[in-house]
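J.: here's my sequence, what's the structure:
(2 chains)
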Amino acid sequence: MPLLTVKQVTSGYGDMEVLHDVSIEINPQEIVTIIGPNGAGKSTLMKTIFGLLKPKVGQILFTDHEISSLSPDRIVRLGMAYVPQVENVFPSLTVRENLEMGAFIRSDDFSDRVNEMFDLFPVLGRRGRQQVGKMSGGERQMVAMARALMLNPQLILLDEPSAALAPNLAVVIFEQIVAINETGVAILIVEQNAKQSLSLSDRGYVLASGRNRFTDTGESLLANEEIGQLYLGG
Amino acid sequence: MTTLANIPQLLVYGIISGSIISLGGIGVSLTYSILGFSNFAHGDFMALGAYIALGLFTLFTGLGIPNVPFGPLSFGFGFALAFVLAIALTAIAVILIDRLLFRRLRRSGPIILMMSSIGVSLGLRNILQFFWSPQPHYYSQAIQPAVAIGILNVRIKPDEMFIIAIAIALVVLVHAFMRYTKMGKAMRAMADNATLAQVTGINTDRVIIWTWVIGAGLAATAGILAGIENKFITPQLGWQMLLSIFAGVVLGGIGNPYGAILGGMVIGISEEVSTAFISTGYKPAVAFVIMIIMLLVKPTGLLGRKD
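T.: Residues are numbered from 1 along each chain as shown, chains lettered A, B, ... in the order given. Now for the predicted structure:
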């Protein structure tokens, strides 16, 4: 059975509805990408899943729990993590302190987990005491992902992880996403420039104007000419 | 030349008053960065602390708890006990005010919160006035001789040395708390980005309670120290200092507690040293002018971040 089920969700900001009747599913250990043009509602969907927006209609189930009325700090405790697109680190804190904040709800010793993160992101291991505000965009993205992984989540939501990164850095980030997935974590990615992301995804969804448009495996979506022209820049 | 010869002495007065302003400023700065509003009731939290200490001290004296002065200081065990308990009670009172009022308005934005803090300020001041009258009350009426230190004819009272020592100790404690404890780091994280703090799983409500505990505790301390320095307290005590405190916070860089300490010290010293050149009546104007100049020249303050 799926790890996460979003069932016919309608959501938005205030009176403005951005998502209409959207449904998606993510199975354990899958990588799923949601693509779609600017304004399609991709980020809104993530915020709704993570409890930052309340769906007006519909259900969201995560590991058998109905989570659509829960606040983000409760959802974190159920084993989901979220990396926003921007402002996803604590800039005045050091790398190590950012990771400690990721484990805030743990009262036991989590230094092993910090070391695992430093193994996964060796760049960070060498710079544990550096203030994150002074690091590059790629390094910040790594800090943000490491922070989100501190509680061993079953599912991690990544909002445009490669946005604003140089192409060679984006490649590094995607390699790390695969590495994270290989540790057993399911990953939901939202991407605008989605070829790279789809190529490593098990499945993908195309959202347009806040509605489900296509659903298929990552490969088939990449091979689909119509999608290629409309959403992947030809 | 007599005025210039007074400057070392004025510098000492400035450090004393700067210590008190700084302690008040730390709370204002934390409230601003973590809860996102300028708390106009902070001065009245100081007065509240000063009056709770007075009330407890009067009670303890009535109960026969001894207050034999510690060495050269003007107070002893009875007052010290009242001091410590007043800090705790002020923190509890402020948390209650938060639960009753500020928490309900948390989503309403900084302007509404600021306006409501003005209401709290008026309310608290009038409650103090109702119970204790607007007339001054005295912690001690004994006259304490100042002692000479150093070579510049500078004189300082033992109580004033105590004030400076307490301020330094508390600043070091707050620094250690913010730097090394999990809650202190969470406070810095929440000041950086409150939404991300929530998304990360930080218990933001607990962070807010700690912010009030530290802010109110330091405010009460500052209020009581001001009472020790001035020898008397009035319900206006904190409100009168609020301009200097805000000036210090803005000067140091709003939202940065270290800036509040530095800024408070600079304001305290400037206010006192200015009296060598202009009438004492202009002290508040000095703070105001420094604040305006800073806002014009570098609005982020001495230690403020650029973003």
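J.: residue 64: how many residues sit nearby?
T.: No chain in the question, so chain A it is. For residue A:64, the count of nearby residues is 9 (other C-beta atoms under 10 Å in any protein chain shown). For glycine as for every other residue, the C-beta is placed from the backbone atoms N, C-alpha and C.
J.: meant chain B, my bad for not saying
T.: 7.
J.: cool, the one 10 residues further on as well?
T.: By the other C-beta under 10 Å criterion, the neighbourhood of residue B:74 contains 20 residues.
J.: now it. Its backbone dihedrals?
T.: Dihedral pair for residue B:74: phi -90, psi 0, per degrees, to the nearest 10.
J.: quick check, it in contact with residue B:144.
T.: Yes: the pair residue B:74 / residue B:144 is scored as a contact, 5.1 Å apart, by C-beta atoms under 8 Å.
J.: okay, and the common contacts of those two?
T.: Residues within reach of residue B:74 and of residue B:144 at once, by C-beta atoms under 8 Å, 6 or more residues apart in numbering or on different chains, are B:158-159.
J.: so residue A:155 sits against residue A:4, correct?
T.: Yes: with contact defined as C-beta under 8 Å, residue A:155 reaches residue A:4; the gap is 5.9 Å.
J.: now residue B:152, what's its secondary structure?
T.: At residue B:152 the chain is in coil, as set by DSSP: H, G, I helix; E, B strand; the rest coil.
J.: about what we covered before: tell me, what's touching residue A:155 and residue A:4 both at once?
T.: Here residue A:155 and residue A:4 have A:26, A:62, A:80, A:186, A:188 as joint contacts, going by C-beta under 8 Å, 6+ apart.
J.: stretch A:71-90 near chain B anywhere?
T.: Yes: Stretch A:71-90 is in contact with chain B by C-beta under 8 Å from any C-beta of the partner chain, via A:71-73, A:76-77, A:82, A:84, A:87-90.
J.: need the distance between the two termini of that stretch.
T.: Terminal residues of stretch A:71-90 are spaced 20 Å apart (C-alpha to C-alpha, to the nearest Å).
J.: figure out how far it is from the centre of its chain.
T.: 9 Å (C-alpha atoms, centre = their mean, to the nearest Å).
J.: may I see the buried residues of it?
T.: Counting neighbours by 16 or more other C-beta atoms under 10 Å in any protein chain shown, one finds that the buried residues in stretch A:71-90 are A:72-73, A:75-76, A:79-85, A:88-90.
J.: how many residues are close by residue 168?
T.: I went with chain A, as the question did not name one. Neighbour count for residue A:168, taken as other C-beta under 10 Å: 8.
J.: please refer instead to chain B.
T.: 12.
J.: which non-adjacent residue is nearest the closest residue to chain B within chain A?
T.: Among the residues of chain A, residue A:76 lies closest to chain B, at 3.6 Å counting by C-beta to the nearest C-beta. Closest residue to residue A:76 apart from its sequence neighbours, by C-beta to C-beta, 6 or more residues apart in numbering or on different chains: residue B:201 at 3.6 Å.
J.: so that neighbour makes contact with residue A:73?
T.: Yes: in this structure residue B:201 lies within contact range of residue A:73 using C-beta under 8 Å: 5.2 Å.
J.: list the residues that contact both of the two?
T.: Common neighbours of residue B:201 and residue A:73 (C-beta under 8 Å, 6+ apart) are residue A:105.
J.: wait, what's in contact with the closest residue to residue A:52 other than its chain neighbours?
T.: Nearest in space to residue A:52, with sequence neighbours left out and distances taken as C-beta to C-beta, 6+ apart, is residue A:72 at 6.0 Å. Residues in contact with residue A:72 (C-beta under 8 Å, 6+ apart) are A:50-52, A:82, B:198-199, B:201.
J.: per-residue pLDDT, the closest residue in space to residue B:142 that isn't next to it in sequence?
T.: Spatially, and ignoring its direct neighbours in sequence, residue B:142 is nearest to residue B:74 (5.7 Å; C-beta to C-beta, 6+ apart). Note for residue B:74: predicted pLDDT of 89.
J.: contacting residues around residue B:74?
T.: With C-beta under 8 Å, 6+ apart, residue B:74 has these contacts: B:139-140, B:142, B:144, B:158-159, B:228.
J.: which strand or helix spans residue A:165?
T.: Applying DSSP states H and E as the criterion places residue A:165 outside every helix and strand.
J.: pull the number of nearby residues for it.
T.: By other C-beta under 10 Å, neighbour count at residue A:165 equals 18.
J.: quick one: it and residue A:140, what's the gap?
T.: Per C-beta to C-beta, to the nearest Å, residue A:165 is found 10 Å from residue A:140.
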